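Trainee: Pasting the sequence and the predicted model now:
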Amino acid sequence: GAGVSQSPSNKVTEKGKDVELRCDPISGHTALYWYRQRLGQGLEFLIYFQGNSAPDKSGLPSDRFSAERTGESVSTLTIQRTQQEDSAVYLCASSFSGGRWETQYFGPGTRLLVL
Amino acid sequence: AQSVSQHNHHVILSEAASLELGCNYSYGGTVNLFWYVQYPGQHLQLLLKYFSGDPLVKGIKGFEAEFIKSKFSFNLRKPSVQWSDTAEYFCAVPEFGGQNTGTASKLTFGTGTRLQVTL
């Protein structure tokens, strides 16, 4: 596609519910990243997929967070038993092959509000 | 782990003023450095990046940044700002992942600088 797309754009949920966020990377990009941006803070890394390699999950804040990626396409980030501190904008990015010099292209984000 | 510091959290400038936003990083080895920008209501997008060669990097919309290795800095500059430069600016550095040092597992971002340009 023309750019990284994410859905939904906004999500309001009640504390304790599960949510699933979706990311469609740029076609042909083998590397996919999830970041989180909480109000007034910078972006924090969550998880990274690159080709068939094992994902780097080092940024996931708790075992309530998980992510999957189907081949080199769509990724879903799942948050179980949501808490109010999970409220944030969740950003997805992709790059061609994950090289450290490569530009990461970001999607518009999903704004999650946990009541 | 690397860290990135942006000391200016909120900057207000009049149009035509000169801009310099600070960015300092902690890593002492081979460094790649990025500035991303997020205009109101838009996606985060690349402004410029450094990965080797000339330490003075030119980006889009008249922005430039200078990599000074001895100071661990990569400050962003623009000689004359415009109202349309109002945005949030993030400095970032990739961390290397796994055994393949050519692969970045993530970007570490600074906390961002909110630039407001007044008419």
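Mentor: Arrived safely.
Trainee: Where does the prediction get shaky in the chain?
Mentor: Going with chain A. A:1 (pLDDT under 70).
Trainee: my bad, chain B
Mentor: Across chain B, residues meeting the criterion (pLDDT under 70) sit at B:28-29, B:96-105.
Trainee: Strands along that one, start to end?
Mentor: Assigned strands in chain B, in chain order: B:4-5, B:10-14, B:19-21, B:24-25, B:33-38, B:44-50, B:56-58, B:64-68, B:73-78, B:87-96, B:104-109, B:113-118 (criterion: DSSP state E).
Trainee: how about these in JSON lines, adding distance to residue A:48 and mean neighbour count?
Mentor: Yep, even glycine has a C-beta here, placed from its N, CA and C like the rest. Formatted as JSON lines, the strands of chain B follow (distance: least, Cβ to Cβ, whole Å; neighbours: other Cβ atoms under 10 Å in any protein chain shown):
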{"stretch": "strand B:4-5", "distance to residue A:48": "18", "mean neighbour count": "18"}
{"stretch": "strand B:10-14", "distance to residue A:48": "31", "mean neighbour count": "13"}
{"stretch": "strand B:19-21", "distance to residue A:48": "27", "mean neighbour count": "19"}
{"stretch": "strand B:24-25", "distance to residue A:48": "20", "mean neighbour count": "18"}
{"stretch": "strand B:33-38", "distance to residue A:48": "16", "mean neighbour count": "24"}
{"stretch": "strand B:44-50", "distance to residue A:48": "16", "mean neighbour count": "20"}
{"stretch": "strand B:56-58", "distance to residue A:48": "25", "mean neighbour count": "14"}
{"stretch": "strand B:64-68", "distance to residue A:48": "25", "mean neighbour count": "19"}
{"stretch": "strand B:73-78", "distance to residue A:48": "23", "mean neighbour count": "21"}
{"stretch": "strand B:87-96", "distance to residue A:48": "10", "mean neighbour count": "22"}
{"stretch": "strand B:104-109", "distance to residue A:48": "5", "mean neighbour count": "24"}
{"stretch": "strand B:113-118", "distance to residue A:48": "25", "mean neighbour count": "16"}
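Trainee: Of all these, which one is nearest residue A:54?
Mentor: Nearest of the strands of chain B to residue A:54, taken as Cβ to Cβ: strand B:104-109 at 11.0 Å.
Trainee: Stretch A:95-112 and chain B, are they touching?
Mentor: Yes. Stretch A:95-112 lies within reach of chain B by Cβ under 8 Å from any Cβ of the partner chain, at A:98, A:99, A:100, A:101, A:102, A:103, A:104, A:105, A:106, A:107, A:108, A:109.
Trainee: hang on, isn't the fourth one packed against residue B:50?
Mentor: No. Between residue A:101 and residue B:50 no contact is recorded; they are 9.1 Å apart, counting by Cβ atoms under 8 Å.
Trainee: what residues do the two have in common as contacts?
Mentor: residue B:32 (Cβ atoms under 8 Å, 6 or more residues apart in numbering or on different chains).
Trainee: Take the strands of chain B and write them to a markdown table, including distance to chain A.
Mentor: Below are the strands of chain B laid out as a markdown table (distance: least, Cβ to the nearest Cβ, whole Å):
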| stretch | distance to chain A |
| --- | --- |
| strand B:4-5 | 8 |
| strand B:10-14 | 11 |
| strand B:19-21 | 14 |
| strand B:24-25 | 13 |
| strand B:33-38 | 8 |
| strand B:44-50 | 4 |
| strand B:56-58 | 12 |
| strand B:64-68 | 13 |
| strand B:73-78 | 14 |
| strand B:87-96 | 4 |
| strand B:104-109 | 4 |
| strand B:113-118 | 10 |
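Trainee: closest one to residue A:76 among these?
Mentor: Of these, nearest to residue A:76 by Cβ to Cβ is strand B:104-109, at 18.9 Å.
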